[in-house]
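Trainee: the following comprises the amino acid sequence and a computationally predicted model.
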Amino acid sequence: ALAWVVLLLFAAARAEPPVDRVALKNKVQEMFFHAYNSYMTHAYPADELMPLSCKGRVRGVDPDRGDIDEALGRFSLTLVDTLDTLALLNVTEFLLSVERVIDVVRFDTNIVVSTFETNIRMLGGLLGAHSVMLDLRARQHDGRLTIAGAPGEFLRSYTRGLLTLAIDLGDRLMRAFNTPTGLPYSRVNLAEGIDDNLRRHDVTCTACAGSMLLEFGALSRYSGDDRYEEAARRAMEALWSRRGVGSDLVGTTINITSGNWMRTDTGVGAGIDSYYEYLLKSYVFLGDQEYLDIFNTHYAAITRYLKKGPFLVDAHMHSPLVLSRRFMDALQTFWPGLQVLKGDLAAAIEIHEMYTHLVSEHGFVPESFTSDFKVNWAASPIRPEFVESTYFLYRATGDPHYLEVGRSIVEAIERHTRVPCGFAALLDVRSRAREDKLDSFVLAETFKYLYLLFEEPAALPIDLDDYIFTTEAHLLPLHLGRVRLDLVPFSNPLPAPLLNAPSHDTECTNTEKTPYIFLRLSGAMQQTCPRYDLDGEPPGNAHMRAGVPAARRAGVKIPTSLTPQELNIYDEGHQAYLNSIGIFVEMQNKGARLIQLEDPSSPRFEQGRLFLAALIEAQQAAAQRQRSAVTVRVASPSTLAHLTAEAGPALFGPNLDELETIFYGAVVRTVPETGCVAAGPDAYRGKIAVARRGGCMFVEKTRHAAASGAIAVIVIDNITQNTDRPGMFTMSGDGSDDVLIPTVFMHQRDGDNLLQALLGQPHSVAIQGTRWN
């Protein structure tokens, strides 16, 4: 009997149940305090909790774990690292813990620690808590915050106890910077500095040397001593000056004495990650244009050489087209969050979605994985990076999808890692086998970002728009960027093409054609160009923002009001209206990007926010009308009802909802199965090509199939869904309109059932639009 496959359209995909943000916020708070109270009960003042043993991990007493133990310095690491998370969840407990730290923590121990880990966890923890203490004290003083009893008196009398500890620790870490290149030793003895044994270990990682500037910059500005920031700045320049000639990429490890690269593999994950992060955030925090110029140079190189569709690969810095390894690591999942800060939202969404599918398959992000989501290193220490990106994307878009992602993360942590004494890292994400460790970053970062994802910003005791997050999620206040220091300029100039400022109505130096940067996702922007003034008056020393809207031109008619339905993005008058409500228009190929640049304190901010919200709603409604879900049926001529499954449409190619034509053809599986290579001009002539997901973009599969003569494409997922009713998946294109055949997407189980039903059959296919009855 003949078998037929019929692709039909039906009503919109089922809506996911709404996320209960209040319940999830409360759940995350309970989980955090389960971990925190377990640490305080069973481990404090030790550095870490051993959650399976219900005791503290003491370096030199418990079995040595090698380099990983160099984060421990007998200085109550977990407590210090957790302080500013406590401030967000429970101010009173935060104040009690600050008092404990001031009374107990000291750094005169004869112990060798990691320079990098001690900086981001301990120094960052002290400075973040000191910053929050000053903020809370100011709120208490002017009546915005009331704290009763002894904690309130402690806050009222606080001056600089944490800063004193931070200066002491900073002075001890400064000994690591005494090198010919300015790159710090990777390890330092807290009591003795650098001895002969440490001098023999003169190799460090790029992230280790290049992730000091936020903490050291804050320390300099709080203390008035520019030595700290100068040292971190010199290390940053040493890495930049040794970038690959022609590639503008950096390696993974470097010799701090000679300045020679020891490992020339490059990527955005382990060993390099926070170097890039600190370049962009140092610009936002400290206001130095050079950091942004350097970051933009690196970012362009990463986009050119390392971004392969939604994947971020590793290559060789001197041969960037040659891959250096065939897997990716968990640390790179921070990248979409940094892209949000950069303003490259489309790329952030694409890459984050790839990680989301990885997590949907394994429940967690394994330490390393392949492009087809196979596990390479199965451990998961409950890292924060994917949660961090999820949080930033939700703040940027307001898309409830990211709340759903957060909910799945909370459920996985609770179900698979919770134990009586806290939460235990996973040795294997497949078997769920646990390990007797709870890293301090789980409390400092993972639970912090989860809590912030579900909590309303207005309910927090401080305004997060006044802060920037360090790589350890510690909070440093943006007002420190206004403190001026006498710093030595970079001696290594930028490449000549980057020295040419773009032509704007106002002078502005930036490598981007249209300079802007998202800052804390609120619309408050860091200084790049003078803010646009409707009256044409220069703002002087007023708040500055990125982006220069187009100047008014004679004869351009500006409407007094405008709805999203009336908007013509190519109309200069409409652009000027958007400018007037604080929205900047960046024209792109076949489209435009609209960015809200207004300070949230401005009366125009709310008007612009409401316009963008209405525009997004209108676009979503239009998209829903244009691309509905698809039904795939395998049928015989006699029954026409052998198998039915749901499929998702592509946002490129013909809109199946508008098709009245029935397409007939035989089913053929692509070679290779991913369909990422054209099989020849007649290989699929007149047939429906069936390809597996992965290996290349969806639109590329369709182009290859069309070039081989196919009349349509079915893409079958390579990810096993953890739910019986997965939502509709819509395939995005690349903005081109050259695709002439339809494409639909099937989840793995449905696709495999389809192929099974067609076994031994003549594999004929019919595709039709919504008018099929």
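Mentor: Done, it's in.

Trainee: poorly predicted segments of the stretch 451-600 of the chain, please.
Mentor: Low-confidence segments of the stretch 451-600 of the chain, defined by pLDDT under 70: 484, 486, 490-556, 569-570, 584-593, 596-600.

Trainee: tally of neighbours for the residue nearest to residue 48 when sequence neighbours are not counted?
Mentor: Leaving aside its chain neighbours, residue 48 sits nearest to residue 57 (4.3 Å; criterion: Cβ to Cβ, 6 or more residues apart in numbering). For the C-beta atoms, the positions are set from N, CA and C on the backbone; glycine is no exception. Neighbours of residue 57 under the rule other Cβ atoms under 10 Å: 22.

Trainee: likewise for residue 191?
Mentor: 12.

Trainee: what about the strands in the stretch 101-250 of the chain?
Mentor: 112-114, 187-189, 203-205 (DSSP state E, counting those that start in this stretch).

Trainee: redo those as CSV? Include distance to residue 605, mean neighbour count and mean pLDDT.
Mentor: Formatted as CSV, the strands of the stretch 101-250 of the chain follow (distance: least, Cβ to Cβ, whole Å; neighbours: other Cβ atoms under 10 Å; pLDDT from 0 to 100):
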stretch, distance to residue 605, mean neighbour count, mean pLDDT
strand 112-114, 43, 23, 98
strand 187-189, 46, 22, 97
strand 203-205, 41, 22, 97
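
Trainee: closest to residue 171 out of the ones you listed?
Mentor: For the strands of the stretch 101-250 of the chain, the distance to residue 171 is smallest for strand 187-189, at 11.1 Å, taking Cβ to Cβ.

Trainee: what sits against residue 205?
Mentor: Each residue near residue 205 by Cβ atoms under 8 Å, 6 or more residues apart in numbering is listed here: 116, 186, 252, 253, 254, 271, 272.

Trainee: cool, residue 282 as well?
Mentor: So residue 282 contacts 213, 214, 217, 236, 288, 291 (Cβ under 8 Å, 6+ apart).

Trainee: check the residues you listed and tell me the two furthest apart.
Mentor: Pairwise distances across the contacts of residue 282 peak at 12.4 Å for 214 and 288 (criterion: Cβ to Cβ).

Trainee: looking at the two, which is more packed in?
Mentor: Ranked by neighbour count (other Cβ under 10 Å), residue 214 and residue 288 place residue 214 first, with 31 against 18.

Trainee: ok, and the closest non-adjacent residue to that one?
Mentor: residue 470 is the one closest to residue 214 (Cβ to Cβ, 6+ apart), at 5.0 Å.

Trainee: ok, back up a step: the strands of the stretch 101-250 of the chain into JSON lines, with extra columns for distance to residue 66?
Mentor: Below are the strands of the stretch 101-250 of the chain laid out as JSON lines (distance: least, Cβ to Cβ, whole Å):
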{"stretch": "strand 112-114", "distance to residue 66": "12"}
{"stretch": "strand 187-189", "distance to residue 66": "12"}
{"stretch": "strand 203-205", "distance to residue 66": "15"}
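
Trainee: and those: which comes nearest residue 22?
Mentor: Ranking the strands of the stretch 101-250 of the chain by proximity to residue 22 (Cβ to Cβ) places strand 112-114 first, at 39.2 Å.

Trainee: how many residues are close by the closest residue to residue 563 other than its chain neighbours?
Mentor: Closest residue to residue 563 apart from its sequence neighbours, by Cβ to Cβ, 6+ apart: residue 614 at 7.3 Å. Counted with other Cβ under 10 Å, the neighbours of residue 614 add up to 13.
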